[in-house]
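Enquirer: got a predicted structure here, sequence first:
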Amino acid sequence: MDSEEYNIEYLKENGFTRKKCERCGSHFWTRDHDRKTCGDAPCEFYSFIGNPIFKERSADEIRESFLSFFEHCPHKHTRMKRYPVVARWRDDIYLNIASIANFQPFVTSGKVPPPANPLVISQPCIRLEDLESIGKTGRHLTAFEMMGHHAFNKRGGEEIYWKNDTVRYCDGFLRHLGVDMDSVTYKEAPWVGGGNAGPCLEVITNGLELATLVFMDLELSPQGEISINGQRYTKMDTYIVDTGYGLERFVWASKGTPTVYDAIFPDVIKELVNASGIEHPLETHPAIIIQNARLSGAMKREEIANKLGISLENLKNILEPIETIYAIADHTNCLAFMLADGVVPSNAKEGYLARLVLRRVFRMLKSMGIEIPLEDIVLMQIETLRKSFPELEKSVDRIVELVSLEHRRYDETLLKGERIVRQMARGYKGKRKEEQKIPLDMLINLYDTHGLPPEFVKEVVSNQEAGVDVEVDIPENFYSLVASMHSEERKGEMEQPIVEKIEEKTKSIPATQKLYYEKPSAVDFEATVLDFVDGSVILDKTLFFPEGGGQPADTGSLTLKEENRTLKVIDVQEVEGVILHKIENSGVSKGAVVSGHIDAARRIAHTKHHSATHVVVCAAREVLGGHIWQAGAQKGEKRARIDITHFKRISDAERSEIEMLANRIVMEDKEIKASFEDRNEAEQKYGFRIYQGGVPPGKRIRIVRIGEDEDVQACAGTHCSKTGEIGPIKILRTERIQDGIERIEYSAGEAAVKEIQLLEELIRKSASVLRVPVHKLPSAVERFFEEWKQLRKENERLRAEIAEQRIGLWKEHARDIRGVSVIAEVLPGADTKEMMKIASQLSKDDFLTILIGKREKHASVVSSVPVYLRNDVNASALVKRVCEVLGGSGGGKAEIAQGGGTKIEKVKEAMEAGITLVDDLISKNK
RNA sequence: GGGCUCGUAGCUCAGUGGAAGAGUGCCUCCUUCGCGAGGAGGAAGCCACGGGUUCAAAUCCCGUCGAGUCCA
C-alpha cells in the first residue's frame, strides 16, 4: 500500500515522526523521537501490567465516556443502540463480528443511507476463531464490545470527515482518559476484510493495541489497480471511517491486572475459584503471574519459563487451572449474549456455534470439579450486564430451560459415547501389544460422527477393565486436522460467480411502477413496453408480482393492442427495481402498448398463504416463546411452510394450540396494513424482528403490520387487507428439518378446506374398510393389529405342528441310495421356512433330504445332510445343482441349504439331477 | 449450506446376503423364615416405513420418516 495514504496532516502538525520498527519492520508514527519499536506485541511487552496507563474505570464508565466524548465533539456523533450479536441482516456471517458489520452491506456500499452520520456505537461482538486460545493468552475474548465512531462519505458529496479528524479524535479521546501521549504509537497496517480493504492505523500504547482506525475505501475487484496480499482492489464510490476501540482493553489498561479477564470478570472468577477449591495463583505465585502476564504478548511460554528460571511443566501447572476458569468466565459471558439474542443451540449454522461453546464449558466445568450449574453462571454474567443491557433480563427463563436441556443432551451423548468406546476397546482384547493402539482415523471418526473428543476417548480407555491396555495418541493439531478434512471436501463445490449480465442491461432502465402494491385486488392493467431483454418484457408499470420472499411469481398474459397478439407470461423476476416478464414467444417492440392480465386464482391463493404465514409465525411465537425466529419460508397455491427456530419438537398439543390461535386471529378479522417506511426509523420503532424473512435492500422498506402490531415484518409480498380474508388455516404437519429448526406446513383459504376434506375422506374410507364408525377407528385399528399379530404367531405354531406330523410321514417314503436313507419329495404349496424345519429335523434322524416346494410361479428348494455324511455331501452344492435346473440358484451352510428357481415345469428333472448327484458323491467317497 | 453415523425384544446392543440372537428387565416355578442371591422354564420382534436388486434381504441399492454428530 502506498505510504502516501498515511500522509496525515494531524500527525505532521502535532510533532509525530514516521519511523520503521527495528523488530518487525513496519512503519509507525510517534511523538517520542527516541522510540525504536512500533510498540506493539510481540515487539514490546505489556508494560501496563501492575502499572495502569490511566485512572481505573469500569466497563460502564469507559463506554459512557467514549459515547459522550463523540456525542459532544465538533462533529456531534449520534449515539446508536446496540445491534443484536446474531447478524440477522447478513447472509454471509452468522455472528456480529464488528460495529461496521451493522452497516454492511447496504450502507457501506452506498445503497442505503446510514441511520445517522456520523454515528457512535458500542457494539457487542462475537468471534469464535480463537476458541482454543481463550484464557491462555490473557487478551482474547469470544465476546467483546467494539466501540466505534463511523463517518460515511460519498465521493462527490459533502465529506463528513476523513483521516485527519479520525486521528485527531482518537488522539483526543486518549488524552481525555489521561493516557501519556508520548507512549502512543500509530502503526501503519493495511486492513483487509469481508471484500473491503483500506489503509489502517493501529493505536498502541505500552504494548497493548487499544484501537484500530480503518479508512475503508477499497473493494475487491478482479480488474482492480491496487494489489494487497495478492488480491486486487479498486476504489469504492464511498469512503468510510471504520474505527474499533476495544472496550475491554481500555478497562484492562486502566486496571493493570494480569489478564483482561481479571479486569472484566472479577466477581465471576472469584466465585469459580472458590467453587473449584483452588487458589488464585495471583495470591500463591504473584511474581510469576505478573512476570508471565507482562511477557505473554511478546514471548512463547517456553521462553517465559526459561526466563523465569522454572520448568515449562511447572509454569503450566501454575497457570492451567486459572486459565480454564478464565475461559469459563469468557464463554459464559458470550453465551449470555448469544442466548439472550435468540440463538437456539443446534447442529447447524449459528446454533451450532452456541452448542460448541456450551459443550466446551460443560467440559471445563467438569474438569475443574465446579458444581455450579452453567445456567447459574450465565445468570451471574447477566446480573453484571443488565445495567447497560437491560434487554438481556427478558430471556432469563428461556436461558435456564435451554441450558439445562443442552446439559442433559450432552450427558446423553457422553453416556452413549462411553459405551461405544468401551465396546471398541474390548475389540482390542487379546491382540498383540503393538496392535493395541487406536489409529488416528478412528479417533477422528469418533469425534466426527459421535462428538467424542479424543481426550474423552483416552479417559474412558484408561478406565478399562484389566486385560485391555489400549494406547491413545492425540496429535497436537487434532482439531485442525478435523477442520482441514472438512474444508477439503468443500473445495470441489466452489462456484464461480456468474457475471450478472442482466443487471448491466437493466441499469439504464427506470424502475418499474409496482401496481400490485397500489391496487392489490386488480387483475387487469395497461402498460407500455420499455424494452425486451433476454426473452423478458420490461414495462413502465405492472401488476405482475415478481418471485421473492418465498412467494412465487404471478403468471398470466400480455396482449399487444395493435397486433392483437397474446403473450403468455411464465415467470416474473425483479432485478434492482426493474421487473422482467419472461414470455414464451418473442418479437415485442419498444413503445408498444399492452394490456396485462394476471391469473387471479393463483395470486389470491398466494396472497392468502402469505398473510397466513405471518399469522402462523405470530401464533407460534405466542405459544412457543419469543425466541421463535423465521429461518425460511415458501408459499404455494395449495400449501405453504415456515421454518422456525425452536429447541425442541413441537408437541401435538402445541401444534393444536398454534392452529387454534392462528384461526382466532383470522376470526378477529384484524387489519393488515402495508406501507413503505424509512428503514432506519422502522428499525428503531419495531426492532430487528422485522427482518424475519431476510433483509430487503433500499432506503425505504415495506412494512406489513397485523392488528395492533401483533406482528410486524419487512415484507415485499402481497397480502390480504384483513385477516378474515385469509380463511381457515389448517396445519398439516410439523417436521424437524434440523436440530433447532422446526418446519410447519399449513394450508389457508379454500386450499385448507380441501385439505380437511381430503383428510376426512381418508378417515371415512379407512373406517368403511373396517366397517366401523369413524370414531371407533383408533380402537378398531388397534384391535385388528393385535389380532393380526396373534394370528401370525398362531400360523407359525401350526406350521411347526404340520411339519412335525409330516416328518413321520416322509420317513416311510425314504429311499435307499447306496445305504443312505434319502427323502426326496415335492411339497405343493409349502414355504421355505416350513421345509427348513422338516429338513433340519430329518437330518437329525440321519436322513438326507431334498425337498422342493412347488408354488404358482416359483419353486423353493431345501436340502439337509446328516452329520455323518458331512464330509461326503455338501448341502449347499446339492441345492445349487437342483436350482440350476430350475433356472435359479441357491446356497447356504454345508449341513442345510436353500435356494429356488422359476422353471416350475422342470421340478421332476431337477429332483432327478439332485438324486443323481447324491448317488455320484456317495459312490465316489465310498 | 455440506459431510459422517445410527434405527433389531421394555432397556443396552450383537448379527452385514442363507432358520432373528445375547445381556438385562418382566412372568411362573424351585431353593430361602424373609431379603439378597442361585437354579429351571416362559412370554416378549411389521429387524423404523416404502420401493428396488436377488432363488433368497434385518443385511446390498434408492427414497421417506426419526435420532445423533462434525465442519463452514
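Expert: Sure thing, it's come through.

Enquirer: make sure A:D554 is indeed in a helix.
Expert: No. Counting by DSSP: H, G, I helix; E, B strand; the rest coil, A:D554 falls outside a helix, being coil.

Enquirer: distance of it relative to A:H606?
Expert: 8 Å (C-beta to C-beta, to the nearest Å). Placement of C-beta: from N, CA and C, glycine included.

Enquirer: what residues are shared contacts of these two?
Expert: Residues touching both A:D554 and A:H606 (C-beta atoms under 8 Å, 6 or more residues apart in numbering): A:F545.

Enquirer: residue boundaries of the strands in the stretch 101-250 of chain A?
Expert: With DSSP state E, counting those that start in this stretch as the criterion, the stretch 101-250 of chain A has strands at A:119-126, A:143-154, A:184-188, A:191-193, A:196-198, A:200-205, A:208-220, A:226-228, A:231-246.

Enquirer: quick check: mean pLDDT of the second one?
Expert: Spelled out, it's strand A:143-154. If you average the pLDDT over strand A:143-154, you get 96.

Enquirer: and for stretch A:568-588?
Expert: Mean predicted lDDT for stretch A:568-588 stands at 88.

Enquirer: closest residue of the stretch 1-150 of chain A to RNA strand B?
Expert: Per C-beta to the nearest atom of the strand, A:Y94 is where the stretch 1-150 of chain A lies closest to RNA strand B, at 7.5 Å.

Enquirer: quick check, that residue in contact with A:L353.
Expert: Yes. A:Y94 is within contact range of A:L353, at 6.5 Å (criterion: C-beta atoms under 8 Å).

Enquirer: for the helix or strand harbouring A:S923, name the packing helices and strands.
Expert: In this structure, A:S923 is located in helix A:907-924 according to DSSP states H and E. Applying 3 or more C-beta pairs under 8 Å, 6 or more residues apart in numbering; DSSP states H and E, one finds that helix A:907-924 contacts strand A:815-817, strand A:820-828, strand A:848-854, strand A:859-864, helix A:875-885.

Enquirer: what residue is smack in the middle of chain A?
Expert: In chain A, the centroid-proximal residue (C-alpha atoms, centre = their mean) is A:K349; its distance is 1.5 Å.

Enquirer: that one against A:L95, yeah?
Expert: No. In this structure, A:K349 is not within contact of A:L95 by C-beta under 8 Å, at 10.3 Å.

Enquirer: how about the residues of the stretch 201-350 of chain A by RNA strand B?
Expert: A:N347, A:A348, A:K349 (C-beta under 7 Å from any atom of the strand).

Enquirer: for the first one, helix, strand, or coil?
Expert: Using three-state DSSP, the secondary structure recorded for A:N347 is coil.

Enquirer: report pLDDT for it.
Expert: On the pLDDT scale, A:N347 gets 88.

Enquirer: OK, contacts around A:V774?
Expert: A:V774 makes contacts with A:I763, A:R764, A:A767, as judged by C-beta under 8 Å, 6+ apart.

Enquirer: in a markdown table: these, plus secondary structure, distance to A:T108 and neighbour count.
Expert: Output for the contacts of A:V774, formatted as a markdown table (DSSP: H, G, I helix; E, B strand; the rest coil; distance: C-beta to C-beta, whole Å; neighbours: other C-beta atoms under 10 Å):
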| residue | secondary structure | distance to A:T108 | neighbour count |
| --- | --- | --- | --- |
| A:I763 | helix | 57 | 13 |
| A:R764 | helix | 61 | 12 |
| A:A767 | helix | 63 | 17 |
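
Enquirer: in JSON lines: the residues you listed, plus pLDDT.
Expert: Below are the contacts of A:V774 laid out as JSON lines (pLDDT from 0 to 100):
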{"residue": "A:I763", "pLDDT": "91"}
{"residue": "A:R764", "pLDDT": "92"}
{"residue": "A:A767", "pLDDT": "92"}
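
Enquirer: contact partners for the residue of the stretch 1-150 of chain A closest to RNA strand B?
Expert: A:V86, A:A87, A:K349, A:E350, A:L353.

Enquirer: now with 6 Å?
Expert: The contact partners of A:Y94, by C-beta atoms under 6 Å, 6 or more residues apart in numbering, come to A:K349, A:E350.

Enquirer: if I look at it, how far off is A:T916?
Expert: From A:Y94 to A:T916 the distance is 75 Å (C-beta to C-beta).

Enquirer: nearest to A:F337, of the contacts of A:V774?
Expert: Distance to A:F337 across those (C-beta to C-beta) is lowest for A:I763, with 49.1 Å.

Enquirer: just say which of the helices and strands packed on helix A:907-924 is most tucked in.
Expert: strand A:859-864 (a mean of 29; mean count of other C-beta atoms under 10 Å).

Enquirer: packing partners for that one?
Expert: Contact here means 3 or more C-beta pairs under 6 Å, 6 or more residues apart in numbering; DSSP states H and E; on that basis strand A:859-864 packs against helix A:832-844, strand A:848-854, helix A:875-885, strand A:896-901.

Enquirer: pLDDT on it, on average?
Expert: Computed over strand A:859-864, the average pLDDT equals 93.

Enquirer: within the sheet, what are the partner strands of it, with directions?
Expert: With DSSP bridges as the test, strand A:859-864 is paired with strand A:848-854 (antiparallel), strand A:896-901 (antiparallel).

Enquirer: is the last one anywhere near RNA strand B?
Expert: Translated: strand A:896-901. Yes. Strand A:896-901 lies within reach of RNA strand B by C-beta under 7 Å from any atom of the strand, at A:I896, A:A897, A:Q898, A:G899, A:G900, A:G901.

Enquirer: go on, the longest one?
Expert: No. In this structure, strand A:848-854 remains apart from RNA strand B according to C-beta under 7 Å from any atom of the strand; the gap is never smaller than 10.3 Å.

Enquirer: that strand versus helix A:907-924: what angle between them?
Expert: 170 degrees (axes from the mean of the first three to the mean of the last three C-alpha atoms, to 10 degrees).

Enquirer: before we move on, what about the shortest one?
Expert: Interaxial angle of strand A:896-901 relative to helix A:907-924 (the same axes, to 10 degrees): 140 degrees.
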